[in-house]
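**Student:** No sequence on hand, only this structure:
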């Protein structure tokens, strides 16, 4: 196929581009001027200049393509809402519109498990469980939720050939693997909120790539969403200890009891409100922290049944790969 990958110079995108090129697809990477795909050119990958904020460049980029993998966007934790809106929400809609105008046969949109509403510990979350409508969420999560909703609007209302993949927290070579999901990492220290027994929703990067490729080749995947989460049940404490050892970068970790975290978060909320003239944020800091600590399960039965997907690389194999990579 002739395929376009947005975000192809990023963590997930690079792994996807390499896989597509090695399997014989003709790959274009959408990127702004100055972005480099020099390390991918040996695979025959092309760079097409474009920006999710610029409609003419998207029309040119999608012309003649059979499939689009939309991995790009603004992924920073902080920033102005208008930037998340412009890139992640409106940029997704522009790309879908351009794809429809040029008859692109398949559109695979990378979303996130963050689109779901908060659920009690032990809950099992399935693809049809709805969206989190809490406007107090961070800009990234809010924008990914809106983009996911837009993708499905076009799938239903315009018969757009869209598949939505909702991966968990992605880790692997080239990623930010020293993960502290709720806490602070600085230098050789981790300060983790809670006791570290919360289960992390993880997925190894190659397992996500498998799901993306399968989704682009299965007709039954059109108009469907899929959770893509590894089967391993790895706690925050286990992850920090095993990953630090594998990378040869063990951290000293302090686990801060939630009672203390609640007091500190309340103080931070008051200070933030004072700086804003008494206006409180719609969602308090402790509420955001407790959400990050929720231990729930994400049902992947649909991806396994309809895509034939399964996580090829489990946590033990991933740790071995990462340790080997660090020694080279």
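**Tutor:** Perfect, thanks for sending it. Because the structure is predicted, anything quoted here is derived from the model rather than measured. Numbers count the residues shown, from 1 in each chain.
**Student:** Tell me which helix or strand in this protein has the weakest average pLDDT.
**Tutor:** helix 285-292 (a mean of 72; mean pLDDT, DSSP states H and E).
**Student:** can you pull the buried residues of stretch 53-65?
**Tutor:** The neighbour-count check on stretch 53-65 (16 or more other CB atoms under 10 Å) flags 55, 57-59, 61-62, 65 as buried. Just so you know, the C-beta spots here come from the backbone N, C-alpha and C atoms, and that holds for glycine as well.
**Student:** The least confident helix or strand of the chain packs against which elements?
**Tutor:** Other helices and strands packing on helix 285-292, by 3 or more CB pairs under 8 Å, 6 or more residues apart in numbering; DSSP states H and E, are helix 258-275.
**Student:** packing partners for the helix it packs on?
**Tutor:** So helix 258-275, by 3+ CB pairs under 8 Å, 6+ apart, packs with helix 285-292.
**Student:** rerun that using 10 Å as the cut-off
**Tutor:** Under the contact criterion of 3 or more CB pairs under 10 Å, 6 or more residues apart in numbering; DSSP states H and E, helix 258-275 touches strand 189-193, helix 285-292.
**Student:** quick one, which of those is nearest to residue 120?
**Tutor:** helix 285-292 (11.5 Å; CB to CB).
**Student:** What segments of the stretch 151-300 of the chain are helices?
**Tutor:** Here the stretch 151-300 of the chain has its helices, by DSSP state H, counting those that start in this stretch, at 205-217, 236-246, 258-275, 285-292.
**Student:** Now the shortest one: buried residues?
**Tutor:** Using 16+ other CB under 10 Å as the test for burial, helix 285-292 gives 285-286, 288-291.
**Student:** How about stretch 311-323?
**Tutor:** Neighbour counts over stretch 311-323 (16+ other CB under 10 Å) mark 311, 313, 315, 318-319, 321-322 as buried.
**Student:** Output these as a markdown table; include the columns pLDDT.
**Tutor:** Below are the buried residues of stretch 311-323 laid out as a markdown table (pLDDT from 0 to 100):
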| residue | pLDDT |
| --- | --- |
| 311 | 97 |
| 313 | 97 |
| 315 | 96 |
| 318 | 96 |
| 319 | 94 |
| 321 | 94 |
| 322 | 92 |
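**Student:** Cool, thanks, signing off.
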